[in-house]
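1. Make a model of this:
(chains A and B)
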Amino acid sequence: MTGSSLAIAVPNEQVYVVSEDATGSTTNKAASGSATKDLDKLILADKRTTTYRILFTDAQLLGDLQNVAKARTITYVGVSEHPWADIGQSSIGILPRKKIVTSFEPHLRQATVKKLRVLVDEFALAIGHPEAAVVMNELKSELTETYKRSIGSPETRNFASAISILQDFLRPHWSMISSDKLRSVSERLDWLGAQDKVDARLLNSFFSDIRRILGGRMFFESTEDLSEPEPEED
Amino acid sequence: MTDRPIPPKKLAKSFADTSIAVKFEVGTSLHYEYLTDAIPVPRYINNYVRMEFYRTCLVQWIYLYFESAHSFYKTFGDAFKTFAEGFGRESKITTSALATIESDGFSFARSDEKDACRQKLQDHIFFLASQFREDFTDNGQDPTRCARISDQIKFPNESADRDSLLQQVAQTFRKEPEARARCRIDHLFRVGAYRSRLEAVSKITPAGRAKKALVKIQECIATAGAAPEAITCKLCSQMGDAVIACTLPIEWKLHSLDRVHEPISTALGLEYQIHPSDRALVKEAVKAEVAEAEDRPPTNEQ
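-> Got it, this is the predicted structure:
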């Protein structure tokens, strides 16, 4: 199957390209099992080319997708030894970007919230135990990586800001945060994941809630040298 | 006849000047905790203080946000360092708070993380503006009607509109002649009540630690009074402490970190409180620690 690609054309609407991941990486996990249920969910954004790819790495999945094509009266175009060979650039250019990305945001948000929630809960259990610092670092890294992943698209930009709120309010509290507060943060994460979309109103509400739960203010590292003599007032 | 309880003396409402607002929002944790305890809620500001806070902090960040977009800055760190070179002391401190971005795991030195740093800065701008709105209540009394901050920094419905909103804020702030044409700072020097208060400030004999600052303010008041129509935003900013105090109604209590408010408020009959700087708080904390250690009975190990 190496190097194969499959193009499925949906009449009058959109073109999806299915190909094997060039790096042979882990994408079959995401696709496997859901291929025959919902084709849309298999679409992953490719920021470099603004095209969209469904990636798979096993022959079974190729068979599944062919069945999907048949079952949904999708026209099956072909399999090629050279990825993208069957699809001209003009076809790729008319991909319905907005429709695909709109469905992508909640998917990313819900998946991320689920992951963060697990880490927050783990951290709550780890407080007072030797592994607390490790879990905390994992949570901090996850927040940063999620932020970096989410800023690329206007559709996920507000979600990135929601992540930024967590970074800014959790930062000064790591060493003294209580399990109760973390539980409340978890609940707000659930709420965030359950919303239809993250708009300005929701962002402000999330900001106020997290601030109320964790207290204080956004934390900024101070670079003032307090040991220096006080400057003369101007 | 029954004895009626004597109602407690009504406390003056807390009005925070710009020095308090800045330290409250981006000062050290030690200072923040002190000010939270020392200044009763609700804490008020007015449009003029908001303008000064924006000028000191948020507008600088907006400038940096757009400056850092240029491709000749390979990394966010390059833009940050170059931009900070042009700052005075106060803005440098405010901008240094951006070290926070780096501590979160965003690299100032990597070109592929430049955009992530810029977006994080953008979030800080919007959220700090939100936090400022939550922390301070506008008392709605600004006779200067300062017009430099006409747009509130609030999240637009579409995230794609954020840049244009910030651009608008920065442009409005930079167009001083237009803002000056809409404000009424000159009225302070023409309307009796304010003019007499400004004159009272001019007549204070400068002395003590605030002498230099007071002399400067008095010079600016003299210049402005001679030709009110010619007052510029720069001149206004140089006498900002006097503008805030002279336009504050007598029933308010002025909270500040600037010692210059001591002679000014006294001359105006205004209730005031000068709070210690963060350095002074550190000194006090160290002293208390030393005293406690000296009082402690020696242990067996010692």
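
2. Just say helix, strand or coil for B:Q273.
-> strand (DSSP: H, G, I helix; E, B strand; the rest coil).

3. burial measure for it, as a count.
-> 16 (other Cβ atoms under 10 Å in any protein chain shown). No exception for glycine: its C-beta is placed from N, CA and C like everyone else's.

4. so who does it touch?
-> Counting by Cβ atoms under 8 Å, 6 or more residues apart in numbering or on different chains, B:Q273 touches B:38, B:253-256.

5. any weak-confidence spans in chain A?
-> A:1-103, A:172-173, A:175, A:221-234 (pLDDT under 70).

6. for it, which helix is longest?
-> helix A:97-126 (DSSP state H).

7. name the helices or strands packed onto that helix?
-> strand A:44-46, helix A:132-150, helix A:154-170, helix A:179-194 (3 or more Cβ pairs under 8 Å, 6 or more residues apart in numbering or on different chains; DSSP states H and E).

8. and with 7 Å instead?
-> When contacts are defined as 3 or more Cβ pairs under 7 Å, 6 or more residues apart in numbering or on different chains; DSSP states H and E, helix A:97-126 sits against helix A:132-150, helix A:154-170, helix A:179-194.

9. okay if I get these as CSV plus distance to B:T223?
-> Output for the helices and strands packed on helix A:97-126, formatted as CSV (distance: least, Cβ to Cβ, whole Å):
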stretch, distance to B:T223
helix A:132-150, 49
helix A:154-170, 43
helix A:179-194, 53
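
10. Can you say which of those helices is nearest to B:A226?
-> With Cβ to Cβ as the measure, helix A:154-170 is the member of the helices and strands packed on helix A:97-126 nearest B:A226 (47.4 Å).

11. I would like the residues contacting that closest one, please.
-> When contacts are defined by Cβ atoms under 7 Å, 6 or more residues apart in numbering or on different chains, helix A:154-170 is touched by residues A:101-102, A:104-105, A:108-109, A:143, A:146-147, A:150-151, A:192, A:198-199, A:203, A:206-207, A:210-211, A:214, A:218-219, B:104, B:119-120, B:123, B:127, B:159-160.

12. Generate a ChimeraX selection restricted to the buried entries among those.
-> Listed next is the ChimeraX selection for buried residues among the contacts of helix A:154-170, using 16 or more other Cβ atoms under 10 Å in any protein chain shown:
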select /A:101,104,105,108,109,143,146,147,150,151,192,198,199,203,206,207,210,211,214,218,219 /B:104,119,120,123,127,159
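
13. that older thread, most tightly packed of the helices and strands packed on helix A:97-126?
-> helix A:154-170 (a mean of 23; mean count of other Cβ atoms under 10 Å in any protein chain shown).

14. tell me the angle of that helix relative to helix A:97-126?
-> Counting by axes from the mean of the first three to the mean of the last three Cα atoms, to 10 degrees, helix A:154-170 lies at 20 degrees to helix A:97-126.

15. export helix A:154-170 as CSV, just CAs?
-> Extracted in CSV, the C-alpha atoms of helix A:154-170 (Å, rounded to 0.1, in the frame of the first residue of the first chain):
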residue,chain,number,x,y,z
PRO,A,154,-9.3,32.2,13.0
GLU,A,155,-11.8,29.5,13.9
THR,A,156,-9.7,28.2,16.8
ARG,A,157,-8.1,31.6,17.8
ASN,A,158,-10.7,32.2,20.6
PHE,A,159,-10.1,28.7,21.9
ALA,A,160,-6.4,29.6,22.1
SER,A,161,-7.4,32.7,24.2
ALA,A,162,-9.3,30.4,26.5
ILE,A,163,-6.1,28.3,27.0
SER,A,164,-4.2,31.6,27.6
ILE,A,165,-6.6,32.3,30.5
LEU,A,166,-5.7,29.0,32.1
GLN,A,167,-2.0,29.7,31.7
ASP,A,168,-2.2,33.2,33.1
PHE,A,169,-4.2,32.3,36.2
LEU,A,170,-2.8,28.9,37.0
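
16. can you pull the buried residues of the longest helix of chain A?
-> A:100-101, A:104-106, A:108-109, A:112-113, A:116-117, A:119-124, A:126.

17. And for stretch B:53-71?
-> Applying 16+ other Cβ under 10 Å to stretch B:53-71 flags B:53-65, B:68 as buried.

18. what's the closest of these to B:C233?
-> Nearest member of those to B:C233, counting by Cβ to Cβ, is B:R55, at 9.2 Å.

19. How about the secondary structure of that closest one?
-> Reduced to three states by three-state DSSP, B:R55 is helix.

20. cool, and B:Y44?
-> strand.

21. closest one to B:D112 among the helices and strands packed on helix A:97-126?
-> helix A:132-150 (9.6 Å).

22. what's the angle between the closest one and helix A:97-126?
-> Using the same axes, to 10 degrees: helix A:132-150 against helix A:97-126 is 170 degrees.

23. doesn't A:L119 make contact with A:E138?
-> Yes: when contacts are counted by Cβ atoms under 7 Å, A:E138 is listed as touching A:L119 (6.0 Å).

24. Quick one: name whatever helix or strand follows the strand or helix carrying B:D123.
-> Using DSSP states H and E, B:D123 sits in helix B:114-135. Note on helix B:114-135: by DSSP H and E, the next helix or strand toward the C-terminus is strand B:136-138.

25. Pull up the pairing partners for that following strand, direction included.
-> With DSSP bridges as the test, strand B:136-138 is paired with strand B:43-45 (parallel).

26. average pLDDT for the partner strand?
-> Averaged over strand B:43-45, pLDDT sits at 97.

27. go on, stretch B:194-206?
-> For stretch B:194-206, the mean confidence score works out to 96.

28. How about stretch B:106-120?
-> On average, stretch B:106-120 scores 91.

29. in it, what's buried?
-> So stretch B:106-120, judged by 16+ other Cβ under 10 Å, has buried residues B:106-108, B:113-114, B:116-120.

30. roughly how far out does it sit from the chain middle?
-> Counting by Cα atoms, centre = their mean, to the nearest Å, stretch B:106-120 is centred 28 Å from the centre of its parent chain.

31. quick check, that stretch touching chain A?
-> Yes: Stretch B:106-120 comes into contact with chain A (Cβ under 7 Å from any Cβ of the partner chain), by way of B:106, B:115-116, B:119-120.

32. Provide a list of residues in contact with residue 215.
-> In the absence of a named chain, chain A is used. Here A:G215 is in contact with no residues (criterion: Cβ under 7 Å, 6+ apart).

33. not quite, I wanted chain B
-> B:P206.

34. could you measure it against B:L198, distance?
-> Distance, B:V215 to B:L198, by Cβ to Cβ, to the nearest Å: 15 Å.

35. In the helix or strand hosting B:V215, which residues are buried?
-> Per DSSP H and E: B:V215 is located in helix B:211-226. For helix B:211-226, the neighbour count (16+ other Cβ under 10 Å) marks B:213-214, B:216-218, B:220-221, B:224-225 as buried.

36. Need the max-distance pair from those residues.
-> Across the buried residues of helix B:211-226 (Cβ to Cβ), the longest gap, 18.5 Å, separates B:A213 and B:G225.

37. what's next to stretch B:68-88, contact-wise?
-> B:64, B:67, B:92, B:95, B:98, B:108-111, B:114, B:117-118.

38. can you name the two of the residues you listed that are farthest apart?
-> Top of the distance list for these (Cβ to Cβ): B:K92 and B:S111, 24.7 Å.

39. would you turn the contacts of stretch B:68-88 into CSV with secondary structure and distance to B:S150?
-> Output for these, formatted as CSV (DSSP: H, G, I helix; E, B strand; the rest coil; distance: Cβ to Cβ, whole Å):
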residue, secondary structure, distance to B:S150
B:L64, helix, 21
B:E67, helix, 22
B:K92, helix, 27
B:T95, helix, 24
B:L98, coil, 26
B:F108, coil, 33
B:A109, coil, 38
B:R110, coil, 37
B:S111, helix, 36
B:K114, helix, 31
B:C117, helix, 29
B:R118, helix, 25
